[in-house]
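**Q** Below are the sequence and a predicted model for it; my questions follow.
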Amino acid sequence: MRFVFLKHKPIFPAITAIAGLLSVFVGGCSMPADRYAPQIITPPAVSVRQIGSSVQGRSIDCIQFGYAGPRILILAAIHGNEPASYVLAEALRQYLSSHRTLYSNRVILLIPIANPDGLSAGTRDNVNRVDLNRNFPADNRQDTSRFGLMALSEPESMALYDLIENENPERILSIHQPYGCIDYDGPARILASRMALWCDLPVRKVGALPGSLGSWAGETRKIPIITLEMTAEDTALTQEQIWDRYGRAVLDFISAP
Ligand SMILES: [Zn+2]
């Protein structure tokens, strides 16, 4: 027995040494990450979230481009019978998806369809026959059945109101048809003039309408807001033609200092 033991004894240290080397080698390759090291988590550059629902239950979505810096809000189709506004918003969404430098130091919030029931039915108002763009708590608001019996009586306008209060955008662009001009409310005159250099529309100060988004955001909240009124003829254009006509003005709105 003693002989056998002596004969085999040297084998065990050798195996142990080899196993040790292997464990160092293998272990060195698969060392777990330092659990205490700070981890940098980068949010997605583009994300979509639901900010509310229409009267008929359609989702009101906000696409967020970028995750740091001042907020810019762009919305379309708050009037459902202005379909070219949605087409321009959709063209912008596609452009932004492949031009990330535009939101490397800012956040762009895009709501392509603010009044989904109206756009589906082709009506200006929502299904309660309320003009959502008269339903905001502006100083000049009027309580009527057409404008809503009280401010923010409609879920669609409430969703926009909440988003603006939560995100506090530094400027807003609301896209409409068919008056063919660049209107503005609040401290946005220079912004409107800049945009007019990049498209065929003139700057025209329409004036604060009762309970409009422009009246509330621009005049009451002092957020610069542009109302881009596309033309009636734009409804017949393709998305590419619409982008060709208005894209540079919209991009200037985004990149203006
Ligand atoms: Zn409109």
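**A** On my side now, so go ahead.

**Q** Contact residues of the protein facing the ion?
**A** Counting by CB under 5 Å from the ion, the chain comes close to the ion at 79, 176. Using the backbone N, CA and C atoms, a C-beta is placed for each residue, glycine as well.

**Q** Let me see the contact set for the spatially most central residue of the chain.
**A** For the chain, L109 is the residue whose C-alpha lies nearest the centre (CA atoms, centre = their mean; 2.0 Å). By CB atoms under 8 Å, 6 or more residues apart in numbering, the residues touching L109 are 62-65, 71-74, 163, 167, 169.

**Q** Now intersect these with the helices, please.
**A** 163, 167 (DSSP state H).

**Q** Which members of the contacts of L109 are positioned in strands?
**A** Within those, membership in strands is found for 62-65, 71-74, as judged by DSSP state E.

**Q** I'd like these written out as JSON lines, with distance to S255 and pLDDT added.
**A** As requested, those are exported to JSON lines (distance: CB to CB, whole Å; pLDDT from 0 to 100):
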{"residue": "C62", "distance to S255": "20", "pLDDT": "98"}
{"residue": "I63", "distance to S255": "18", "pLDDT": "98"}
{"residue": "Q64", "distance to S255": "18", "pLDDT": "98"}
{"residue": "F65", "distance to S255": "13", "pLDDT": "98"}
{"residue": "R71", "distance to S255": "15", "pLDDT": "98"}
{"residue": "I72", "distance to S255": "10", "pLDDT": "98"}
{"residue": "L73", "distance to S255": "15", "pLDDT": "98"}
{"residue": "I74", "distance to S255": "13", "pLDDT": "98"}
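
**Q** wait, which of those residues is closest to the ion?
**A** I74 (14.7 Å; CB to the ion).

**Q** for that closest one, what are its contacts?
**A** 89, 92, 108-111, 172-175, 250, 253-254 are the contacts of I74 under CB under 8 Å, 6+ apart.

**Q** Then Q50?
**A** Counting by CB under 8 Å, 6+ apart, Q50 has contacts 59-62.

**Q** For it, which three-state class applies?
**A** strand (DSSP: H, G, I helix; E, B strand; the rest coil).
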